[in-house]
Each structure stands twice: as structure tokens, then as C-alpha cells.
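>>> Fold the following.
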Amino acid sequence: MPVLNERVYLEHAVASVLAQEVSGPTELVLALGPSKDGTTELAHELAARDDRIRIVENPAAHIPVGLNLAIRASRFPTVVRVDAHSELAPGYALRALETLERTGAANVGGVMRAEGRTPFQKAAAHLYNSPVGLGGGAYHGARNEGEAESAYLGVMRRDVLEEVGGFDESIRRGEDWELNLRIRRAGHLVWFDPGLAVTYWPRESWSRLARQFRATGAWRGELVRRYGRRNGLRFFAPPVLVLLIAAAAVVAALQLTGVLSGIAALFASVVYLPLAAYVVLVLAVAFAPDRRGLRERLWTLLVLPTMHLSWGAGFLGGLLRGARGTVDASRLGTRNTPLP
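Have a look, this model is predicted:
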């Protein structure tokens, strides 16, 4: 478990891991980054309470570095990647081990089940769980078990991890996708099991969510630079939206200044049509008939474009000039709102 500034979530995440029951010994290795919110003290307190918890220092604070440090410090043949911002469902580890055995896969993952507490976080969680929000990854709600492109978090065979060289420490976001690409290239199977579920808590504020998505988009752009069309087509939708908005702004300026007029202006106005369709889509998602409250629906009007535009702008930057060490700045601080 990589950990950085997660005091609000860490104890719940750790408890969900330690509650897992499997037929054999277990350990939880925390890769502890230099936190500023009391996470370090809490992590050591938790380790003092339970001898299954071990701590390794991750001064670089980068997720793939921390994952490799924790894996090297661990002792058992199966590695269950967990996240300090999430909670494992009861029976998760046991079912994952059974699925590994049954399928012969090298890595097994399940569904990211986003949840929220505040209206903002609930709106973000709703969009995480929606194909309109994050796109067509199986772990965002697919129902059919089968071979997968990647795995959310993942329960992995240690020997395969060692065979492919572990996580690429030069990648700050999207490291799981890149690892699974190498696993599949090496001839191994990555498997999706919808019976596996992990609760994920989205960022708690608009600014943190925007920073997170910008960084994730930048690293996806970097991955496209490295691996080209091995990246799915769904990754290109947000940057296309950003380019359409830029094109519409240019057309509008030319029309308002009279540079474009007559038939040329009419033809150029076609650029507004997909944007109008996007506005209709956002409204439809926000006000679809369900049990969400009004404040959550209103936040959706802001959160959905924020996800797409932040991610798309980051992608274009990463594609054009590389991610250049971009970090997820949203992880550098946290609000001290206790979980229920």
C-alpha cells in the first residue's frame, strides 16, 4: 500500500485489508511517503498494534517507486496491491486467490466502486461509476468476467512481477496499465472478475479533483508517446473535446470581428454542433431520473466537464512535450474530514 497524506482514509483502508481471511499467512507492507498531515504517526501507531503491518520508507513519494519497495520487502508468492484511498470488500482476497487459481491468470482485478460522503464527492463517485465519466474500462462497471486490458489495483503472481521487472518507476500515473501491457506481452493473462469490488473515495474538492485528472491525462499522453495505438480509442475523447472548444473559440472570435462572414461563417459554425451535443449530454447525466439529491446533480454539472477538460488538457500537454515528471499534486495535501 503506497501511502502519502492519507490520514483521513488510512485507518479504514488498513482495517479492510487486515479483515481479509485467507488460508495462509499474510502481511501488509506500507510504503510510507513523507506526509505532512499526521499520516506517518498514524501508520506507525497502526504497525505497533498489529505485527502483520510492516513499514518501508518511500522518500521519493512516487507510487510505482513505493510499490516496488513494498514488493521487494514482502515475503509471500502473491501480491495484493491496495490503495490508502480505498477499502477492500469482505472476501476480496480469498475470491481473488481462487480466481487466480481457476483461470491461471498472472493478474486479477475487479470493480472500482466509487463512493462519496459530501454532495461533491458523491457527484464525483457517480461519474467514476459511469461510462460517461471515465470511459469504457472494465473495472468501472463491466459485468462480464473475462480477459482484460488492465486490472484495477490487482492481485498478482510474484514470479510474473519479477519476470517482467516490476513497476516502471519512470511513470508517475498509469503505471498499472503499463505493467499489465508488459504482463500481456510476456504471454500471461490479465483477468477481470466483477465479483471483486474495491470501494474508492474520490478527491474531496474541485481543485484537488482537477489537479488529479490533469496529472493522469498528462501521463496518458506520455504513454501514447511511448506505446502509440496500444492505448484504447476511449483515451482520445477528452483531448478531442478540448480541441473542439479551442476551435470553437477561434471561430467565434473570427465571426465576431467580421473576418468570417457569409457562407464561410455558416460552414465554420458546424464546430458548435458537437459542443452543443456535449452540453446536452452533461445535462442528461446530471438530471437523469434516480435518487440523487439536487446539490449532487448541480455539482455534476461542474464535475463532469472538469474531469474531461482537465484530463484532456493534461493529455495534450503530455502528448506534445511529454509528462516531464508531472506529479499528482492533489496527493500533497488532504482535508481532515473524518470518515463515518
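
>>> Pull out the buried positions in the host helix or strand of residue 243.
Element membership of residue 243, judged by DSSP states H and E, is helix 237-256. By neighbour count on 16 or more other C-beta atoms under 10 Å, the buried set for helix 237-256 is 238, 239, 241, 242, 244, 245, 248, 251, 255. To be clear about C-beta, it is placed using only N, CA and C from the backbone, and glycine gets the same treatment.

>>> The fourth one against residue 309, yeah?
Yes. With contact taken as C-beta atoms under 8 Å, residue 242 and residue 309 are classed as touching, separated by 6.1 Å.

>>> Low-confidence stretches in the stretch 51-200 of the chain?
135-142 (pLDDT under 70).

>>> Can you show me the strands along it?
53-57, 78-80, 86-88, 107-114, 146-147, 155-157, 190-200 (DSSP state E, counting those that start in this stretch).

>>> following the helix or strand harbouring residue 29, which helix or strand comes up?
Counting by DSSP H and E, the element that carries residue 29 is strand 28-32. Next in sequence after strand 28-32, counting helices and strands by DSSP H and E, comes helix 39-49.

>>> That following helix versus strand 53-57: what angle between them?
150 degrees (axes from the mean of the first three to the mean of the last three C-alpha atoms, to 10 degrees).

>>> returning to that earlier point: quick one: which of the strands of the stretch 51-200 of the chain is nearest residue 14?
Closest approach to residue 14 among those is made by strand 53-57 (7.0 Å; C-beta to C-beta).

>>> May I see the buried residues of the closest one?
For strand 53-57, burial by neighbour count (16+ other C-beta under 10 Å) applies to 53, 55.

>>> Break down the stretch 101-250 of the chain into its helices, ranges please.
119-128, 131-134, 158-164, 175-185, 206-227, 237-256 (DSSP state H, counting those that start in this stretch).

>>> Which among those helices is found nearest to residue 21?
helix 158-164 (20.6 Å).

>>> For that closest one, list every residue counted as buried.
160, 161, 164.

>>> how about residue 241, what does it touch?
Counting by C-beta atoms under 8 Å, 6 or more residues apart in numbering, residue 241 touches 278, 308, 309, 312.

>>> quick one: which of the residues you listed is nearest residue 11?
residue 308 (33.3 Å).

>>> ok, that closest one touching residue 238?
Yes. Using C-beta under 8 Å, residue 308 is in contact with residue 238, at 4.6 Å.

>>> report the longest helix in this protein, please.
helix 294-321 (DSSP state H).

>>> buried stuff in that one?
Quick answer for helix 294-321 (16+ other C-beta under 10 Å): 296-297, 299-319.

>>> In a markdown table, list the contacts of residue 241 along with distance to residue 107.
Shown next, in a markdown table, are the contacts of residue 241 (distance: C-beta to C-beta, whole Å):
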| residue | distance to residue 107 |
| --- | --- |
| 278 | 35 |
| 308 | 29 |
| 309 | 32 |
| 312 | 29 |
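
>>> wait, residue 95 sits on residue 193?
Yes. At 7.1 Å, residue 95 counts as touching residue 193 under the criterion of C-beta under 8 Å.

>>> If you count surrounding residues, which of these two has more?
residue 193 (24 against 19; other C-beta atoms under 10 Å).

>>> Against residue 276, how distant is that one?
With distances taken as C-beta to C-beta, to the nearest Å, residue 193 is found 40 Å from residue 276.

>>> Chain neighbours aside, what residue packs nearest to residue 298?
The shortest distance from residue 298 to any residue other than its chain neighbours is 7.5 Å, reached at residue 286 (C-beta to C-beta, 6 or more residues apart in numbering).

>>> separation between the one you found and residue 210?
According to C-beta to C-beta, residue 286 and residue 210 sit 18 Å apart.

>>> picking that back up, closest one to residue 63 out of the contacts of residue 241, please.
Top of the list for closeness to residue 63, among those and by C-beta to C-beta, is residue 312 at 22.4 Å.
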